[in-house]
Structure formats: C-alpha cells, structure tokens
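Novice: okay, sequence plus prediction incoming.
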Amino acid sequence: MSSRRFCSAAAALLIALLHSASAAQPPASAAPYTVLSRDGRRPLAARIMSGQEMFALDDLARLFNVVVREDTAAGGLTVTAGTETIALSPGQSLASLNGRLISLPAPPLREGRTWYVPVDFVGRALGPALGGHVELRKPSRLILVGDIRAPRIVGRMETLGSLARLTLDIAPATPHTVTQEGTKLTVRFEADMLDAALPATASPDLVANVRPGDLPASIAIDLGPRFASFRTTDTPGDRGGARLVIDVMAQTTDAQPQPTTPPPPEGPPLIDLAPSGTLRAIVIDAGHGGAEDGARGASGALEKQITLSVARRLKAALEGRLGLRVILTRDADATVGLDERAALANNNKADLFVSLHVNASPRAGTAGAEVFYLSLDEYGDAAERVAHADSDLLPVFGGGTRDIELILWDMAQARYIKESAALAQSIEASLRQRVPMSARAIQQAPFRVLVGANMPAVLVEMGFITNPAQEKQLQSDEFQNLVVQALVESISRFRDARSSTRLTGAR
C-alpha cells in the first residue's frame, strides 16, 4: 500500500471514529426548571438537544399525570390529558390539539426509548390541553401549575440628585405594602412567591442592597448611612400590570441636632414646586413603539428606541428638578395608538403634552432639530369658533344646570394654539443653544397626535436619523442629555411666564 493510500485510509478511519464518538456522546444537561404548585416545588430536568432545550415526555407524564403513547404504525406520538389529545410527528415542528395546529421551535427527538419535546411544548400545547392552568416562564426557569400567585417583578435603580429611585414593574398588578423596620424597607406582596429580577444598587450610601425579603413573597431594601426618608408612588402599568416607585432620600446635612421631642413625620422634599394654578402634570410621549419602529438609520438605529430613552431621562429630570408629576405614554416597547396618547394626557388632566420623535429625509445631508405645533388651517372658521367658545349650560340630575365644556375631539387643541406656539418658541430657543437646528426650526403641521390634546402641545423632532452623523449623535448619552436640558429649561421658563401672566391678570 502506498503512503498516500495509507494516509487516506487513516484519515477516513479517524473521521469514522470521531463521528461514532460524537453520536455516542449524550446530550448536554441544562439547568433544571422548577415546577411550582400547591403541592410544593419539584425539579424538572432539561437537556440541550440539537441546540434546543428539551423535556423528556416521560418526566412530563409523571409530573402532569398525562398519558404518552407511541403509534409505531403511524410513526407518531400522542399525549392525552383527560379528554384532550395532543398529536406529535417526528421530524415536524408542529403539534395538533383537537385539530388546531401549534407551532413548536423544534420537532420531537428520540434518544434510546425516550422521546423529548421542546420546553415550549409545555406552555403552547400541554397548558391548553390541561385547561390553561400551566404557565411556562423561560427566563425564570419556572412552570406554574394551578392558581399559584407569583407576580413577575422587574426592578430598576436610578440615582437622581439627592435621592435613589427603585422602580418595580409588577405583572400582573398585585396588592402590596411598604413598611420601614429600622434600617430596612420591606415590600410585602399578597402572593405565594415572587418571580423577581432585582437590580444592583446604584447609590450604596442610600440603598445598600435590594434582595429577597426574609418573609415569603417580599423584597427587602437595606438602607445606607445617608438615608433620611422615603416616599412611594403607585401607578398603573402596561397590560394589567402595576408600577411601584420608591424614592429613598438623603439627609440634608451631615449632622442634625437631636430634638428633645419626637419630630413630626417627614414629608417629601419641596423642590421648586410649581405655584398653584400653573404646571402640575406633564405628559411625555415617546413616539412610535412596539410594532411601529418609526424612522430607521443606515446603521440600524430605531426611532422608537431613541424616543423612549430620552423620555425616561426627561421624566427623571422634570420630577427631580421641577417637582412635576410626569406621565409617560409608554415606558416599554409597546404599541400605543395616536389618539390613545392624547387621551392619556386628557384623562390625567395634564397641563402640557410633549411628543418626542426623530426625523427622516431622502437626502442624507439633511440635519437639525425642529419643533412643531398644530396647524388648524384645514378646520377653517370652526377652529376659530371653538377657540373662543364659552361653556354650555346643561341640565343635571335632580334639577338645575351646570356649566360644561363640550369639546369635539378634533377641536381640542384649537383653544391652546397660542400657548402651544409660545411653548414651541421656548423649546426652540433652548435647543438652539445646545444642538444643531434645522433651517426651519419652528413649523406648524396637522399631526394627529396633537389634535386631541386638551392642553398646550408640541412635537419635537430631535434630529435626522437618516443623517449618518446625527444617527450616531442621537444614540449618545451626551446628545440625549443636551436635549433633556433644553426641554427642562424651556418648560421651566414657560411655567414661570404662565404663572406671571396669571398673577398679573389676577391683580
């Protein structure tokens, strides 16, 4: 045998051996899931097979009291849960439940005499077959069975000047209490357990640690040496959730004289609070979101991500520096209708509405920020009549009449056009000192998102995402902070001007 033939034969033998060893190698184990029910906690083993996490059907049969049968003649599998039957076919990433097809990320696989299914099978097929009482939570590696109350809680920490803010998003909304015990705050939930992702502290001198509490279904907040007081705010969240905000405030001086009598309970700090009758609440609208990406830059930046980032920064700055109540039309990547955004502002009796966007142009060189307020040209004389209309006298139950402001949705903005123009001018002046501006820095346009706002309202285009240089700027912390500074300054100036006008009018 020549040396060349020998080398070829040896190489073929080596490949065959490696293939045999690979085929014989068992699938890799994955971290187990926890099945949680009223009966307690039970582990459920998972394995990595063909790049997918899989459960053994035998394990599912034991834990969920279902029957697994293999139909060798038809080459398929059935999983029977009571009167419901799930059909599976090797090689197909589908399951059939009473004739309804269910997509799976991978087909069932067999190892020896054991069949495996993707972990998503539990939530997508087995749960509905069992009557909807099984919930798969992949990020937490949990499977909830029955009426277990285990809210998902995602925490976020921020440092805002002299306070540390812990935000807890709770899904679904769950009753809770916050109590102080010495140097610890405890948040207790009316639940069986918590599925919580807790943040690291951002200000250890105020919040030393955020951790699972000593009691079931609780979160402990260990307070730092500069802690003075705290306040809590509860607001509705997305899709039936809730949001709990805990502000931990610092001591104003390093040392305080000890009073001889107990001081009264300390309230939240008074920081530049708006005078009565001026600005109390403002709605910040992060444009687009969810299925609506908005404009896209050449490098992949998305309008919806930039607007949400700036909206969150602006909310923190307005609350911390001006003492305003700030509502975001969205605080997640969610789809919100244009009319819903204005309706949120109206229902919360907001005093201002600011919608944040980034612009796009077919010309890559176009750049600069622009500020818009509503144009009512298309409404003609009707808008003018609404702008100067008085309230109507309407009869009320029990007799008598009452002054009621009747405002058509499409005319809500008409009576605020002058104030909206003044706010737009204030924002343009502040932006011009900090960021590049378009040649047409202030414009009017019939933007639907502004039409229904029953308060002064503007739309800010922070720059052109289709300009490569501005796309990079719009994503940077420095540029976003400059936009926030400009907006805070202009809103503060608008507030002072409005307060001065009302005081002068009162005299």
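Specialist: Happy to help now that I have it.
Novice: roughly how far is stretch 92-106 from the heart of the chain?
Specialist: Relative to its chain's centre, stretch 92-106 lies at 31 Å (Cα atoms, centre = their mean, to the nearest Å).
Novice: distance between the ends of stretch 360-369?
Specialist: 11 Å (Cα to Cα, to the nearest Å).
Novice: could I get the buried residue list for it?
Specialist: Neighbour-count burial for stretch 360-369, counted by 16 or more other Cβ atoms under 10 Å, picks out 360, 366, 367, 368, 369. In this view, the C-beta of every residue, glycine as well, is placed from N, C-alpha and C.
Novice: list the contacts of that stretch.
Specialist: Applying Cβ atoms under 8 Å, 6 or more residues apart in numbering, the contact partners of stretch 360-369 are 295-296, 298, 303, 359, 431, 435-439, 441, 460-470, 483.
Novice: can you say which of those are buried?
Specialist: 295-296, 303, 359, 431, 435-438, 441, 460-467, 470, 483.
Novice: please flag which of those sit within strands.
Specialist: Mapping these onto strands (DSSP state E) picks out 359, 437, 438, 441, 460, 461, 462, 463, 464.
Novice: need the residues you listed in JSON lines (columns: distance to residue 129 and pLDDT).
Specialist: Converted to JSON lines, those look like this (distance: Cβ to Cβ, whole Å; pLDDT from 0 to 100):
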{"residue": "359", "distance to residue 129": "50", "pLDDT": "94"}
{"residue": "437", "distance to residue 129": "60", "pLDDT": "96"}
{"residue": "438", "distance to residue 129": "58", "pLDDT": "94"}
{"residue": "441", "distance to residue 129": "61", "pLDDT": "93"}
{"residue": "460", "distance to residue 129": "51", "pLDDT": "97"}
{"residue": "461", "distance to residue 129": "51", "pLDDT": "96"}
{"residue": "462", "distance to residue 129": "50", "pLDDT": "97"}
{"residue": "463", "distance to residue 129": "52", "pLDDT": "97"}
{"residue": "464", "distance to residue 129": "52", "pLDDT": "96"}
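Novice: of these, closest to residue 280?
Specialist: residue 460 (21.3 Å; Cβ to Cβ).
Novice: next one: the closest one from residue 131, what distance?
Specialist: 50 Å (Cβ to Cβ, to the nearest Å).
Novice: for residue 370, same thing?
Specialist: Residue 370 is 55 Å from residue 131, by Cβ to Cβ.
Novice: of those two, which one has the most company?
Specialist: For residue 370 versus residue 131, the count of surrounding residues by other Cβ atoms under 10 Å is larger for residue 370: 23 against 10.
Novice: what's the neighbour count on the closest residue to residue 449 other than its chain neighbours?
Specialist: With sequence-adjacent residues excluded and distances taken as Cβ to Cβ, 6 or more residues apart in numbering, residue 449 is closest to residue 338, at 4.7 Å. Neighbourhood size, residue 338 [other Cβ under 10 Å]: 16.
Novice: so what's the backbone phi/psi at residue 338?
Specialist: Backbone torsions of residue 338, given as degrees, to the nearest 10, read phi -60, psi -50.
Novice: tell me where the stretch 1-150 of the chain has helices.
Specialist: Per DSSP state H, counting those that start in this stretch, the stretch 1-150 of the chain carries helices over the ranges 3-24, 57-64, 120-121, 127-129.
Novice: by mean pLDDT, show me the worst of those.
Specialist: Of all the helices of the stretch 1-150 of the chain, mean pLDDT reaches its minimum on helix 3-24 (a mean of 42).
Novice: shaky segments in the stretch 251-400 of the chain?
Specialist: 252-278, 377-400 (pLDDT under 70).
Novice: could I get the full set of helices for it?
Specialist: Along the stretch 251-400 of the chain, counting by DSSP H, counting those that start in this stretch, helices occupy 303-322, 338-347, 381-387.
Novice: out of those helices, nearest to residue 427?
Specialist: helix 303-322 (11.7 Å).
Novice: just checking, residue 355 touches residue 458?
Specialist: Yes: under the criterion of Cβ atoms under 8 Å, residue 355 makes contact with residue 458 at 7.2 Å.
Novice: which neighbours do these two have in common?
Specialist: Contacts common to residue 355 and residue 458, judged by Cβ under 8 Å, 6+ apart, are residue 450.
Novice: quick one on the thing from earlier: isn't the residue nearest to residue 449 up against residue 448?
Specialist: Yes: between residue 338 and residue 448 a contact is recorded at 4.7 Å, counting by Cβ under 8 Å.
Novice: re earlier: okay, the buried residues of stretch 360-369 in JSON lines with distance to residue 490 next?
Specialist: As requested, the buried residues of stretch 360-369 are exported to JSON lines (distance: Cβ to Cβ, whole Å):
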{"residue": "360", "distance to residue 490": "24"}
{"residue": "366", "distance to residue 490": "24"}
{"residue": "367", "distance to residue 490": "21"}
{"residue": "368", "distance to residue 490": "17"}
{"residue": "369", "distance to residue 490": "12"}
